[in-house]
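Q: this is a predicted model, with the sequence first.
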Amino acid sequence: MTAIYDCSVDSELLTGMRLARAAIGRGELVVIPTDTVYGLAADAFDAKAVARLLEAKGRERTSPPPVLIPGIPTLDALASEVPSAVRLLVGEFWPGGLTVILHAQPSLQWDLGETRGTVALRMPANPVALELLAETGPLAVSSANLSGHPSATTAADAAEMLGDAVTVYLDGGAAGESYEAVGERAGDTSSTIIDATALTHEGGRLRIVRAGVITRERIAAVVGEELLEPIVAESEAAAAAGTDGTADVEPATSAGDADAAAS
């Protein structure tokens, strides 16, 4: 069984971080704590590693993972354009539970799946995750669970689902405890996902793709309600999508998709 390293113990933290860095460098998978849920991480610039991540979760290329980054400067390096409203939001909520979908830099040498030219970015508020990101660079990180199962909030939960598909598990304690579970599912502390790609067009507005720990009210307090797309009734949304209103456990991270994962 793959070892779980307790990051509250200095010796295990040092060993776990060293092994996690090495595993990422070899294109392997690691599980890391974030402020929302546990994440399954791979080198964002290693296409084989990203494919391994999707396979471990039981997902297809149509469900590309988001990318966790160590700071706002990396946002400018990975996104082709960062609208002023997005800068206000990340200034308020990063590091934290807000994931932002933007147009990706076309020159990036990576393959996250069928992203349609977008990338979902987040800076997590977790010291272990941020330290690893500072050393490895951007990581493709999806929630550490099998597709269709609840997101893991402990390293043990993640290990039970993912097992030996992961080389290193970093245990940072229970995730999500600093947030109220106000997401779409009972007890859910996943990040809120907003699609900001329409802001590059005149009259474009922000769309909340997934309700999470950062509420619509808090977002509106920063950018104004008029910049957010109107709330669509569940029955109307289901009719528009041609579904019965049910959804997979993790919604979109790229514009237009409805079943991608996010932490």
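A: Noted; the coordinates are in hand. Residues are numbered from 1 along each chain as shown.

Q: ok now stretch 64-84, how far from the chain's centre?
A: 12 Å (C-alpha atoms, centre = their mean, to the nearest Å).

Q: show me what the mean pLDDT comes to for that stretch.
A: The average of the pLDDT scores along stretch 64-84 is 96.

Q: equivalent analysis for stretch 15-29, please.
A: 98.

Q: and that stretch, what's buried?
A: Using 16 or more other C-beta atoms under 10 Å as the test for burial, stretch 15-29 gives 16-17, 19-21, 23-24, 27-29. C-beta here means a position set from N, CA and C on the backbone, and glycine is covered the same way.

Q: hmm, residue 157 is touching residue 38, no?
A: Yes. If you go by C-beta atoms under 8 Å, residue 157 and residue 38 touch, sitting 7.1 Å apart.

Q: more neighbours: which of the two?
A: Set side by side, residue 157 and residue 38 show more neighbours around residue 38, with 34 against 20, by other C-beta atoms under 10 Å.

Q: intersection of neighbour lists for residue 157 and residue 38?
A: residue 144 (C-beta atoms under 8 Å, 6 or more residues apart in numbering).

Q: can you give me the strands for the stretch 101-250 of the chain?
A: 118-122, 139-143, 168-171, 192-195, 207-210 (DSSP state E, counting those that start in this stretch).

Q: closest one to residue 105 among the ones you listed?
A: With respect to residue 105, and counting by C-beta to C-beta, the nearest of the strands of the stretch 101-250 of the chain is strand 118-122 at 8.4 Å.

Q: mean confidence for that closest one?
A: 97.

Q: what's the helix or strand for residue 88?
A: helix 84-93 (DSSP states H and E).

Q: by how many degrees do that helix and strand 118-122 diverge?
A: Interaxial angle of helix 84-93 relative to strand 118-122 (axes from the mean of the first three to the mean of the last three C-alpha atoms, to 10 degrees): 20 degrees.

Q: buried ones in helix 84-93?
A: Buried, per 16+ other C-beta under 10 Å, within helix 84-93: 85-86, 89-90, 93.

Q: where does the stretch 151-263 of the chain have low pLDDT?
A: Where the stretch 151-263 of the chain drops to pLDDT under 70, the residues are 183-186, 232-263.

Q: is residue 78 in contact with residue 110, as I believe?
A: No. Using C-beta under 8 Å, residue 78 is not in contact with residue 110; the gap is 9.3 Å.

Q: what residues are bridge-paired with residue 169?
A: residue 4, residue 31 (DSSP bridges).
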